[in-house]
Structures are given as C-alpha cells and as structure tokens.
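[1] here is the input, now give the coordinates:
(one chain, ligands or ions: 1)
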Amino acid sequence: MVKDVIIVGGGVAGFSTAIECSMNGLDTLLIEKNEEVGQIIKTSAVTWSDTISEFDLPNSCVKMRSNKILFNFLENYDEICVDFNREIMCTLDYQRLLQEFSKIYLKSGGELMLGTKVSRPIIRNDTVEGVVSKKDIRGKIVIDASGSDSVLCRFLGLFSPQMSYMGIGMEYELSNVETQDAMEFYVGSCVVPIGYAWFFPISDNSARLGISSIIGTPTKEYEQMIKSGYSLVLKLDQFMKNPKIYKRIKQAKIEATHAGIYPLGNPIKKAYRNGFMAVGDAAAQAGSMMGEGIRYALKFGKTAGIIASEAIQSGDISEKKLRKYGDLCNFHRKKVQKNCNLHIKTDEYWMDFMDSLRTAVKSKHEEAFLSKLREY
Ligand SMILES: Cc1cc2nc3c(=O)[nH]c(=O)nc-3n(C[C@H](O)[C@H](O)[C@H](O)COP(=O)(O)OP(=O)(O)OC[C@H]3O[C@@H](n4cnc5c(N)ncnc54)[C@H](O)[C@@H]3O)c2cc1C
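    Residues are numbered from 1 along each chain as shown. Below is the predicted model of the structure:
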C-alpha cells in the first residue's frame, strides 16, 4: 500500500508536518527511530512566547515565562537586564510538547511507527518513492524531519556537515538553585570563544544551565580553539565555577543532562525534489544569531505539510509543484546567511553588542533591538 505522506523523524519538525497533513485528510505515516516519543531530549527548549500562540502549542508545555532578558559580558561583568513589560520568552517542557503533539496527531487519524530506523530513500525515475527501514515503505511524498542525522538529505546529496556550521550544546537541568525572573545569557571569550552560556529558569528554584558553541567549521577561530585544548564540558565546568553563577547553584542537584549537535547558519540550498521535502534540522533551518531552531522547525514543518497536502490533492508531486516550498526556504536561507556572523563573535563584537543594547534601552528602542535579535 502507498501512503500519501511518509515523515521520517518525530521531533517538532516531523510532528508539525504530520499533524498538518493528517488534519488535511492525508493518509500519513510518521516513522521515529526511538521506542518512545520524546525519549531523548537534546534541546534547551527556550522560545519566544508568541511561538506558543502562533503554532497553537498546548499551554501545559510551558514551564516558565519571563518578561525580561539579561545579557552579561563576563569579561568585565557588564550586565544589562531589559524588562519588556510583557511576556517575551518561555522555557518549554519539550518531552511533554512532543507527547501532546503525538496525541493530537493520532487523534486526527495519523499512523505512528516507533522504534523504526529509516536507512535511505527509495528513488525511481529521479523521484523519491518511499523509504527503506526493516522493509520498504512506499509514499507519494517523503519528508525528511530526521534532525541533524538528516538521513535522507545526506543520501540525496542535499546535505553534508561540511556545508554548515555545526552547533554543539550541553546543559544541566538543576534543582535547588537561585533563579531570577529573566532569561539569562552570558557571553565573552572567557565563557566560550564562539557561542554563549545560559541560565534559563524553569521554576522558582530550578533552571537549565548550559553552554553552546560550534564545531568542525574550518575557520581560524575554530582551529585556535582546538589548539588551546578547548572542550565544551570544561567550559561548562568553568562557567559553573564563576563566582557570579556559583553562589546561586552551590546547593544544586543535577536532575538531567541534555546535549547534542545541530546544523545552523547555512540552510541547505535545495530542500525539495520530486516527491520529497526536508524540514527542521534535517534542512539546517536553525538561525545563526541565537542558534534558535524550534520556531523554524515548527514553521517549515507546518508549511511543508500545507504544500504536501496541496500537491497530493492536485495529483502532482513533482519538483515543479513543490517549488513553492523551495522558494520559501530560499528566502529564509538568504536571511540566515546574511546574519550569519558566528565567526566574528569576538569580545569586540560583544562589547559593541552591549553598547547597542544599552543605547536601545536608553532611547526606548528595545523592541526594535529585540526584532533584530529575533531575525535569524
Ligand atoms: C544543546 C541544544 C540546545 C538547544 N536549545 C535550543 C533552544 O533553547 N531554543 C531553540 O529554539 N532551539 C534550540 N536548539 C535547536 C533545536 O533544538 C533544534 O533546532 C530543533 O529541536 C530541531 O527539531 P527537528 O524536529 O528538526 O529535529 P529533532 O528534534 O532532532 O528531531 C529529529 C527526530 O528524528 C529522529 N530520527 C533521526 N534519524 C532517524 C532515522 N534514521 N529514522 C527515524 N527517525 C530518525 C530522531 O530520533 C528525532 O526524534 C538547541 C539544540 C541543541 C543541540
């Protein structure tokens, strides 16, 4: 039997695509390699608060909301905390979000296949016609939502890690800590040469504390980082020992560890082919400024779902029909590339950043500053 749509990967990108397809009446199959939905959490799961309403996410998935963003340039402890007087960011319960998504999806009639690893696409006459796992499964449209594994895109030659920066991150979920009512970002070369550290509250006395950087990118800065014995675990350890942080976490208990890699800063050139689309990290759609991926995974997942539904209903799954998706991806790609300045995040960059933020706050232009921050 041929499914209308097969989606590979049960992360946010996969579920938002699957829900859209299934709600539109398509015979939809989502395949996930893990035995349970949300079994492995790699993300810190902070997003802008309006993502909740834009994508109709269940409120039960929100852990903590905040009106404030704090930046601290740890080289000289310069700190700015901006109060937007409205809810601006939130931390999500990511596992719960995926589980809620799976309930919505199953209720709409979608089929979920867990514990099944897809190894490659089935291609005939230059068209993707299905996937290979334990057995061959045929579908009119196949969507790669397999995250940084990017299993189908790699096979199709659409993605290779060399094409992109690879973000790497690690965090602890800590209980018994002193939180502040703000999403806290820590920057400067003493924190990490390229990247930042964070302290995100998830309740009044628990938080996610972590650090992220990039790996494997052939830049001078990266080579220097490696030569100087750089290690993210050591950097996180140093960050936790910083007096500013240590006094707030000295009684803390580690409840969970989240770690992972994901491509950012250079979305793939072509995210579609005959009978095929790629969404989320599989298409390297995360932004470069903050390494934000969830909002884009939701956005492109939903969009791919709408375009897949139109294509199936019209009986045309050709590249020409799916090009609309490619055009939107290209628009996003250009913006991400334009704003991709990961390699210049030196201390001078962060000093300028702090100055611009301070000027924006003084002249009451913090909303404009925020819009820029959100733009990729
Ligand atoms: C440490 C860290 C912190 C982050 N923090 C944030 C943050 O605070 N805010 C934010 O917006 N973004 C953050 N990101 C980025 C964000 O998490 C990702 O961009 C987002 O989760 C991408 O979702 P996705 O659905 O595309 O991929 P994923 O969430 O990776 O989902 C892919 C799914 O595909 C499955 N899969 C993989 N291969 C196969 C296969 N062969 N067969 C079947 N299934 C397969 C996987 O098991 C997984 O369930 C962070 C990333 C990391 C690593």
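
[2] give me the low-pLDDT residue ranges for the stretch 101-250 of the chain?
    216-230 (pLDDT under 70).

[3] what residues does it put near the ligand?
    Lys117, Val118, Ala145, Ser146, Gly147, Asp149, Val151, Gly169, Ser212 (CB under 6 Å from any ligand atom). For the C-beta atoms, the positions are set from N, CA and C on the backbone; glycine is no exception.

[4] and the third one, what does it touch?
    Just to be clear, that refers to Ala145. Taking CB atoms under 8 Å, 6 or more residues apart in numbering, we find Ala145 in contact with 7-11, 13-14, 17, 278-280, 282, 297, 301.

[5] swap the cut-off to 10 Å and go again
    7-18, 30-32, 151-152, 277-283, 297, 300-301, 304 (CB atoms under 10 Å, 6 or more residues apart in numbering).

[6] again, but for the last one
    Remark: with contacts taken as CB under 10 Å, 6+ apart, Ser212 is in contact with 44, 167-171, 192, 194-198, 232, 235-236, 259-262, 264, 290-291.

[7] one more: the fourth one?
    Shown here is Ser146, whose contacts under the criterion CB under 10 Å, 6+ apart are 7-11, 13-14, 31-33, 117-118, 152-154, 278-282.

[8] and if you look at the second one?
    Contacts for Val118 were tallied using CB under 10 Å, 6+ apart; they are 6, 8-9, 31-33, 130-134, 137, 142, 144, 146, 149, 151-152, 155.

[9] in helices only, show me these.
    Under the assignment DSSP state H, the contacts of Val118 contribute Val151, Leu152, Phe155 to helices.

[10] relative to the ligand, which of those residues is nearest.
    Val151 (4.1 Å; CB to the nearest ligand atom).

[11] how many neighbours does Ser203 have?
    Using other CB atoms under 10 Å, Ser203 has 12 neighbouring residues.

[12] my bad, Lys372
    That count, for Lys372 with other CB under 10 Å as the rule, works out to 12.

[13] what distance do you get for it to Val128?
    Using CB to CB, to the nearest Å, Lys372 is found at 38 Å from Val128.

[14] check the chain for the residue nearest the ligand and tell me.
    Residue of the chain nearest the ligand, by CB to the nearest ligand atom: Gly293 (1.7 Å).

[15] ok, and the closest non-adjacent residue to that residue?
    Closest residue in space to Gly293, ignoring its immediate chain neighbours: Ala286 at 3.5 Å, by CB to CB, 6 or more residues apart in numbering.

[16] what residues are bridge-paired with that neighbour?
    Counting by DSSP bridges, Ala286 forms beta bridges with Leu264.

[17] now, the contacts of Ser212 that are in strands?
    Residues of those located in strands (DSSP state E): 167-171, 196-198, 259-262, 264.

[18] and which of those residues is nearest to Ile123?
    Comparing the ones in strands among the contacts of Ser212 against Ile123 with CB to CB places Tyr262 closest, at 26.2 Å.

[19] farthest-apart pair in the residues of the stretch 101-250 of the chain next to the ligand, please.
    Every pair of these checked by CB to CB; the farthest is Val118 and Ser212, at 27.8 Å.

[20] using the three-state scheme, assign Arg323.
    helix (DSSP: H, G, I helix; E, B strand; the rest coil).

[21] likewise Val336?
    Once three-state DSSP is applied, Val336 turns out helix.

[22] in the stretch 101-250 of the chain, which spans are strands?
    Remark: strands assigned in the stretch 101-250 of the chain by DSSP state E, counting those that start in this stretch are 111-113, 120-124, 127-132, 136-144, 165-175, 183-187, 196-203, 206-215.

[23] can I get the ones you listed in CSV with distance to Lys338?
    Shown next, in CSV, are those (distance: least, CB to CB, whole Å):
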stretch, distance to Lys338
strand 111-113, 38
strand 120-124, 31
strand 127-132, 31
strand 136-144, 25
strand 165-175, 15
strand 183-187, 21
strand 196-203, 20
strand 206-215, 18
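
[24] for Asn76, find the nearest of the ones you listed.
    Nearest to Asn76, of the strands of the stretch 101-250 of the chain and by CB to CB, is strand 183-187 at 11.4 Å.

[25] tell me the strands beside the closest one, with direction?
    strand 68-73 (parallel), strand 196-203 (antiparallel).

[26] how far off strand 206-215 does the last one point, in degrees?
    The one in question is strand 196-203. Put simply, strand 196-203 runs at 160 degrees to strand 206-215, going by axes from the mean of the first three to the mean of the last three CA atoms, to 10 degrees.

[27] domains in this structure, by residue range?
    Domain assignment for the chain by automatic domain parsing gives 2-45+93-163+265-338, 64-89+166-262+346-374.

[28] I'd say Phe55 and Ser49 touch.
    No: look at Phe55 against Ser49 with CB atoms under 10 Å: they stay out of range, at 11.8 Å.

[29] what residues are bridge-paired with the residue lying closest to Trp48 once chain neighbours are set aside?
    Once flanking residues are discounted, Trp48 sits nearest to Met89: 5.9 Å by CB to CB, 6+ apart. Met89 has these beta-bridge partners by DSSP bridges: Trp48, Ser66.
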